[in-house]
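1. structural data only, the sequence is not supplied:
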Ligand code: ANZ
Ligand code: ZN
């Protein structure tokens with residue numbers, strides 16, 4: 001008997017599938033299904049996280065294929081980014097060369113896993129055929145006012161003399177040289193994602209197939225706040241200070257004002273005064289703190305008085321103006337009214353600087369006089385110290401105050417979002433160049449669409465110095481103005497790599513289009529992606545940006561969908577000894593080693609069996625061993641059944657209890673595995689159901705010869721192979737072929753459970769149509785309503801009596817009656 005030689009089998013079938021183009025997607029009439037896993041960054045090596053992600057996706061794709069769908073299951077490379085550039089600086093290899101080499105290596109590793117990708121649709125975001133369209137999309141955004149330039153701060157390392165990405169700043173220090181990182185002002189490009197904040201928030205409701213936690217994260221990121229903006233006159237000037245507040249009902253409790261230190265009025269109001277110097281020193285001191293550090297509840301509230309006063313427009317009180325660390329420049333209007341009695345941050349601040357605390361809302365059951373000491377009161381209650389609003393319920397006062405302010409033009413209801421516009425400029429080489437030129441006479445000019453792509457030059461010095469490496473290439477920098485043909489210079493920033501990945505799933509539908517990024521029709525055929533699978537670390541940015549792109553593209557009539565991803569599965573991490581596998585922890589298990597030691601089918605089976613996809617998975621050598629043993633067990637079972645095939649057939653006429661039991665097991669396993677995959681992605685329980693079936697088949701086979709039906713054994717073994725095909729594609733294909741089948745198991749139809757075979761305990765059900773008894777059926781007692789209906793609809797007598805009629809209603813009384821109302 002042959003042994004399970006996974007190495008030979010896996011290589012052989014991978015070659016064969018490639019030659020047959022078994023997984024290439026064709027234009028068929030079958031229903032479409034788009035299965036997609038987040039494409040990888042080509043670091044050079046796949047890790048267990050990849051193995052898990054892609055094995056999950058492969059099961060979905062193969063299963064849907066066997067269920068009769070035309071499946072689109074593509075793969076590509078998120079190939080721009082910082083590591084390639086660091087490698088260039090360190091090892092003097094061009095990013096292009098480094099990236100290509102990594103892609104080649106990773107592709108070999110991926111193909112060893114036997115994944116059902118249509119490699120004809122492979123794409124790489126760093127190839128000019130791709131980034132040409134990334135640039136084209138940028139231009140469409142620009143032309144529709146959705147890309148604009150604005151001054152903002154970048155991280156700067158004074159000793160490396162270079163701009164740093166946020167991830168290169170570790171605890172305020174340069175990742176390379178540990179120098180203290182400072183901030184520089186640069187003019188940079190933004191996408192106006194804030195124009196779509198409300199739509200991105202509203203449409204989360206459409207995403208029924210997304211995990212709630214991801215939707216909540218997006219909702220918080222968008223951060224909608226409802227409140228009012230109020231204009232406070234600045235005393236002795238004709239200027240106003242605008243604040244945003246979620247609590248206009250507390251305006252009488254304002255005891256001072258606080259501006260963000262970067263607020264443009266600050267310099268203006270202190271210029272030439274005795275406060276100028278101290279204000280500048282304070283601003284300087286805060287410069288290198290991140291927003292998170294500044295606003296953390298751990299951070300001590302600090303500020304200074306700037307010598308000016310505001311007038312509270314509702315009660316004409318004169319109140320001092322401060323600047324402080326806890327107010328951010330780019331949220332709301334960058335200024336707040338400080339209400340210490342009802343906001344803890346404000347109370348902490350005011351207690352330190354000895355300003356007044358005036359409560360304006362009193363809990364219904366509070367003592368008189370109501371006082372606030374160390375703890376702010378943020379609940380609801382009755383208005384006090386608030387002029388004509390006293391005695392009112394604070395929610396009512398909220399409305400009245402807004403109404404009155406609107407009447408007098410001193411404030412208005414407004415909505416603010418935490419979401420910021422998307423800063424897409426990167427002062428880096430290895431990204432898609434922003435297709436803009438600067439002309440002395442015409443200003444900012446977009447590159448003509450016919451001139452795309454603006455290619456990355458190769459005459460570049462990777463010194464790691466300067467604002468952007470592209471500034472060192474004269475051939476790139478100097479160009480001619482598309483408008484006036486005069487001398488012009490190119491934009492030297494490249495785009496954030498999130499831009500590349502915000503539309504790649506569209507390109508897969510039409511990867512070779514040379515006229516457009518994609519054809520609208522093709523996108524309509526395939527999208528939304530039916531199942532998207534990837535890490536939860538992309539829950540916010542990548543998924544939000546992709547949704548934003550699709551919404552803009554719909555408005556620009558480039559496509560016709562509202563959302564890119566219908567269903568989302570975020571897989572858990574792969575852990576070893578309780579910690580995430582990572583180089584720094586030294587607990588990495590290499591996929592290549594596992595594959596060479598046990599084969600890809602075992603590796604796949606293990607990552608699918610050890611935990612449900614959304615949970616974290618703990619690596620276990622015994623677990624891997626166990627999966628390997630199971631595959632060997634299946635192998636042996638099929639060999640034995642195969643050998644028996646040549647012997648005299650056991651054709652029994654009578655059906656024994658044992659036959660009934662194994663038939664039941666076969667069909668209940670089909671049902672269980674199908675439901676587990678289809679409804680819940682519970683691959684682990686699906687696999688254990690097949691394991692049980694294999695056990696039962698061994699037992700059945702071991703019985704006295706005259707008790708065993710070879711036909712049933714064969715049916716059992718075929719069922720095992722079909723159910724296992726998405727999980728262990730190589731071994732099942734090999735055994736399928738050994739059993740004499742000519743076509744690939746992966747194109748065979750998924751088995752369907754015969755519900756009538758699942759009858760153990762039975763009941764008699766009466767089927768009535770419009771009150772008349774049409775049929776009496778003996779069915780299993782534990783069928784669901786859906787399953788009962790399935791049996792009823794396939795009954796000939798029932799069919800006949802409802803033929804041509806509309807079903808108005810179906811009433812099921814479990815265990816007794818099905819009543820159909822048809823007109
Ligand atoms: C007065 C007030 C009284 C406030 C009160 C709250 C409670 P969310 O919900 O996060 O939108 N705020 C406004 N702009 C700010 C900025 N740039 N930096 C820091 N804080 C800012 O919070 C809105 C509230 O946060 C606003 O309402 C304002 O404080 C503060 F009993 O105004 B509130
Ligand atoms: Zn010009």
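-> Okay, I see it. Because the structure is predicted, anything quoted here is derived from the model rather than measured. Ligands and ions are numbered 1, 2, ... in the order given.

2. under the pLDDT cut-off, which ranges of the stretch 401-550 of the chain? List them.
-> Nowhere does the stretch 401-550 of the chain drop to pLDDT under 70.

3. check it for the residue nearest ligand 1 and tell me.
-> residue 416 (5.9 Å; Cβ to the nearest ligand atom). In short, each C-beta sits where N, CA and C put it, glycine included.

4. for the nearest residue to that residue once chain neighbours are set aside, phi and psi?
-> Leaving aside its sequence neighbours, residue 416 sits nearest to residue 225 (Cβ to Cβ, 6 or more residues apart in numbering; 4.8 Å). Backbone torsions for residue 225, taken as degrees, to the nearest 10, come to phi -120, psi 130.

5. check contacts around residue 225.
-> Going by Cβ atoms under 8 Å, 6 or more residues apart in numbering, residue 225 touches 244, 246, 415, 416, 417, 418.

6. in ChimeraX, select just the buried ones from these.
-> Only the buried entries of the contacts of residue 225 go into this ChimeraX selection, using 16 or more other Cβ atoms under 10 Å:
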select :244,416,417
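
7. from the contacts of residue 225, which land in strands?
-> 244, 415, 416, 417 (DSSP state E).

8. re the thing from before, and the residue of the stretch 401-550 of the chain closest to ligand 1, what does it touch?
-> Residue 416 neighbours (Cβ under 8 Å, 6+ apart): 224, 225, 227, 244, 331, 332.

9. which one of those residues is nearest residue 163?
-> Distances from residue 163 to those, taken as Cβ to Cβ, are shortest for residue 331 (24.4 Å).

10. grab the nearest non-local neighbour of that closest one.
-> Residue 331's closest residue in space is residue 418 (Cβ to Cβ, 6+ apart), at 6.9 Å.

11. how many other residues sit next to residue 369?
-> The local packing of residue 369 (other Cβ atoms under 10 Å) involves 8 other residues.

12. in the helix or strand harbouring residue 631, which residues are buried?
-> Here residue 631, judged by DSSP states H and E, is contained in helix 621-646. For helix 621-646, the neighbour count (16+ other Cβ under 10 Å) marks 623-624, 626-628, 630-631, 634-642, 644 as buried.

13. how far does that helix sit from the chain's center?
-> Offset of helix 621-646 from its chain centre (Cα atoms, centre = their mean, to the nearest Å): 38 Å.

14. wait, is residue 310 part of a helix?
-> No. Read with DSSP: H, G, I helix; E, B strand; the rest coil, residue 310 is strand and lies in no helix.

15. contact partners for the residue of the stretch 551-700 of the chain found nearest ligand 2?
-> Closest residue of the stretch 551-700 of the chain to ligand 2, Cβ to the ion: residue 556 (26.3 Å). By Cβ under 8 Å, 6+ apart, the contact set of residue 556 is 140, 144.

16. burial measure for whichever residue of the stretch 701-823 of the chain sits closest to ligand 1, as a count.
-> At 45.5 Å from ligand 1, residue 786 is the closest residue in the stretch 701-823 of the chain, using Cβ to the nearest ligand atom. Residue 786: 7 surrounding residues under other Cβ under 10 Å.

17. just checking, the residue nearest to residue 331 touches residue 219?
-> No. Applying Cβ atoms under 8 Å as the test, residue 418 and residue 219 come out as separate, 10.3 Å apart.

18. low-confidence stretches in the stretch 251-400 of the chain?
-> Checking the stretch 251-400 of the chain against pLDDT under 70 turns up 288.

19. any idea how far the residue in it that ligand 2 sits nearest to is from residue 411?
-> The nearest approach of the stretch 251-400 of the chain to ligand 2 comes at residue 264, 31.4 Å away (Cβ to the ion). Counting by Cβ to Cβ, to the nearest Å, the separation of residue 264 from residue 411 is 21 Å.

20. so which of these two has more stuff around it?
-> In this view residue 264 and residue 411 are compared by other Cβ under 10 Å, and residue 411 has more residues nearby, 24 against 11.

21. wait, that one touches residue 403, no?
-> No. Residue 411 is beyond contact range of residue 403, at 10.2 Å (criterion: Cβ under 8 Å).

22. mutual contacts of those two, please.
-> With Cβ under 8 Å, 6+ apart, residue 411 and residue 403 have no common neighbours.
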